[in-house]
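K.L.:
Could you look at this predicted model? Sequence included:
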Amino acid sequence: MSLADVAASAARDPQAFWLDAAAGLDWTRFPNQAHDAASDSWFPDGELNTCFNAVDRHVEAGRDDATALIYESPITGKSARFSFAELQERVARTAGMIAAQGVEKGDRVIIYMPMVPEAVFAMLACARLGAVHSVVFGGFAAPELAKRIDDCEPKLVLSASCGFEPGRTIAYKPLLDQALELARHKPTAAIILQREELSAALQEGRDLDWQANYAEADPAPCVPVASSDPLYILYTSGTTGTPKGVVRDNGGHATVLHWSMGSIYGIDTGDTYWAASDIGWVVGHSYIVYGPLLKGCATILFEGKPVGTPDAGIFWRLVDQHQVKVLFTAPTAIRAIRRSDPDGSFIDDASLSSLQALFLAGERADPDTLLWIADKLGKPVIDHWWQTELGWPAIATCFGLGETEIRAGSAGRAVPGYRFKVRDDAGDPVDAGVVGNLLIEQPLPPGAFRSLWNNPVKFQAGFVDFPGHYTTGDAGMIDQDGYIHIMGRTDDIINVAGHRLSTGQMEEVVANHPQVVECAVVGATDELKGEMPVGFVVTRPGCARLDEVHSELVASIRGDIGPIASPRSIYFVDGLPKTRSGKILRNLLRDITNGADISIPQTIDDAGVIEPIIEQVERKAPA
């Protein structure tokens, strides 16, 4: 069926459409109903186990020898491969190890680990028991980890002795010790995976050795749970104060991830799929762990970086080595590769015969980056958009449904099941091509969040501004052909002398310059005009004519958008502050520009880029 046919089917009879999708899974009790309006729950009378569907059912179907998980760690020089039968054994024994500490259905377990196979085993083991896992990015600061411990009150913490970044080792155990000391809630135990590169001292009476307890554990069976029971809690990045814990259910989540692998990504059982992300983020949950395994694919767990471990060719070599069919990464990874290898020499050296498409998400993919990598690869490069709250793509080019038309600057069209609207601040519809508040009509499709852990007030806040709709927090517009353009967060729409301007649109113009690798535009407070745009630009290595580039960028913005958008300043910097998932910290840049107090998020990837930016802004040296 074409995208149009599938979208029409989903809109015409969503109950039948999603029950049909649910039939792709094994249920201990198949649901009689897709959506219950009173409870806003999906498959309310259904019962299943997500781990069984991701692991055991493939073994029972005779695919026990098929590859399930591939571990590649260029940062340590290690690799491993696990069949579905081996994955089943590891997960079942890990579940037994967890159960031996008293963890039962409904209990919470925090997983504070690096990108190692045991972290995947732990996630699936929790699902196997009906326990609720909460993965916290490895190396996260102790005070933030303590907030998450107090919020979800885990019975158990699973961690490791250390993790790695290029050129440095991060000791996790001291951070965990500090967090457990700060937290009011005290888990009964912490199980620590000792990595051979750095061991950790265990605290008697609380800490347990992973390897020893795993060796003594008996395999645990799968525990059926209600479709609406929580599978995991994932705290959104950059939160302050009370953490915002997105709760994902079991049935809706498994249904849509299984469906999306084929319909959006064009992935079949037995293919190899690689989401180059981290399990600390929603992409890692959905498309490193659950989505591919639910579909019966081989999935790659990558402990490394797109550049520097060891070079900008690591992605392409691994694609060839493992015959990856679809690669999914963040635009910032491609920009890093482009900066390190501007001519695409590593791409030219690779075959990439297995690769059918590259998907981008995590932040807005500027057209210049998208077109550069599409030209170098000679393959479809597909931007798509979603959020932690949604759990799976909401806007995309559905490659698996035969959709191939890509419109640079757009994340695609609405994925079947989603109904997008654009409204002005008063709640009135806007014309096609006009930027406004991007909304999704309720009910949200399966897989989207149904609650926030311990925070019903904050959950409801996402639906009150525009009744009957979920407020995405993004500004966007829908063009005449139904393509949706994400223009940035609504607070990235700035008001210059009464004119509402999109900083995302300005970034598009700046990124089109041949010397620009990446950029960010933010609004600076201005006494006369209210706000004015300020740009931060990273140029190609060796660019020595910054004065000329500065003049050309100003001229391009004035010519493409208008004189009103002319930037107050453009700063040339060596790097932009980003989260570890690759999102540019525009709020931080805005605070620096406005001389506000600086709060550096714990999710920042490289804090070393901040001080040079502050110094340049304070010198007021635009070029």
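P.N.:
Cool, the structure landed. Numbering: from 1, shown residues only.

K.L.:
Pull out the buried residues from stretch 397-407.
P.N.:
Using 16 or more other CB atoms under 10 Å as the test for burial, stretch 397-407 gives 397-401, 403, 406-407. For the C-beta atoms, the positions are set from N, CA and C on the backbone; glycine is no exception.

K.L.:
cool, and stretch 4-24?
P.N.:
Buried-residue list, stretch 4-24, by 16+ other CB under 10 Å: 6-7, 10, 14, 17-19, 21-22.

K.L.:
Likewise for stretch 215-229?
P.N.:
Neighbour-count burial for stretch 215-229 flags 217, 219-220, 222-229 (criterion: 16+ other CB under 10 Å).

K.L.:
Report the mean confidence score over that stretch.
P.N.:
Mean per-residue pLDDT for stretch 215-229: 98.

K.L.:
Please apply the same query to stretch 34-46.
P.N.:
In this model, stretch 34-46 has an average pLDDT of 96.

K.L.:
who's in contact with it?
P.N.:
Residues from elsewhere that reach stretch 34-46 (CB atoms under 8 Å, 6 or more residues apart in numbering): 14-19, 22, 27, 29-33, 226-228, 249, 251-252, 255, 442-443, 446, 450.

K.L.:
Report pLDDT for the most centrally placed residue in the chain.
P.N.:
Residue closest to the mean C-alpha point of the chain, counted by CA atoms, centre = their mean, is Val283 at 3.5 Å. In this model, Val283 is scored at 95, pLDDT.

K.L.:
thinking again about what came up before, closest one of the buried residues of stretch 397-407 to Asp278?
P.N.:
Nearest to Asp278 among the buried residues of stretch 397-407 is Phe399, at 23.6 Å by CB to CB.

K.L.:
In contact with the closest one, which residues are there?
P.N.:
By CB under 8 Å, 6+ apart, the residues touching Phe399 are 264-266, 326, 356-357, 359, 380, 382.

K.L.:
What's the first helix or strand after the helix or strand of the chain with the lowest mean pLDDT?
P.N.:
The weakest-scoring helix or strand in the chain, judged by mean pLDDT, DSSP states H and E, is strand 499-502 (a mean of 71). Next helix or strand after strand 499-502 toward the C-terminus (DSSP states H and E): helix 503-511.

K.L.:
helices and strands around that following helix, which ones?
P.N.:
Contacts defined by 3 or more CB pairs under 8 Å, 6 or more residues apart in numbering; DSSP states H and E place helix 503-511 against helix 367-377, strand 484-489, strand 516-526, strand 530-539, helix 546-560.

K.L.:
now the angle between helix 367-377 and it, please.
P.N.:
Our comparison of helix 503-511 with helix 367-377, counting by axes from the mean of the first three to the mean of the last three CA atoms, to 10 degrees, yields an angle of 50 degrees.

K.L.:
can you list contacts of helix 503-511?
P.N.:
With CB under 8 Å, 6+ apart, helix 503-511 has contacts from 364, 366-369, 409, 475, 486-488, 492-494, 516, 518-523, 533, 535, 537, 553, 556-557, 560-561, 565, 567, 586.

K.L.:
Thought Pro393 was touching Trp386, still the case?
P.N.:
Yes. Look at Trp386 against Pro393 with CB atoms under 8 Å: they come within range, at 4.7 Å.

K.L.:
What about Leu444, how many residues nearby?
P.N.:
By other CB atoms under 10 Å, the residues close to Leu444 number 25.

K.L.:
coming back round to it: export the contacts of Phe399 as a markdown table, with columns for distance to Gly62 and pLDDT.
P.N.:
Listed next are the contacts of Phe399 as a markdown table, based on distance: CB to CB, whole Å; pLDDT from 0 to 100:
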| residue | distance to Gly62 | pLDDT |
| --- | --- | --- |
| Ile264 | 27 | 98 |
| Tyr265 | 24 | 98 |
| Gly266 | 24 | 98 |
| Val326 | 25 | 98 |
| Gln356 | 26 | 98 |
| Ala357 | 29 | 97 |
| Phe359 | 30 | 97 |
| Pro380 | 33 | 95 |
| Ile382 | 33 | 95 |
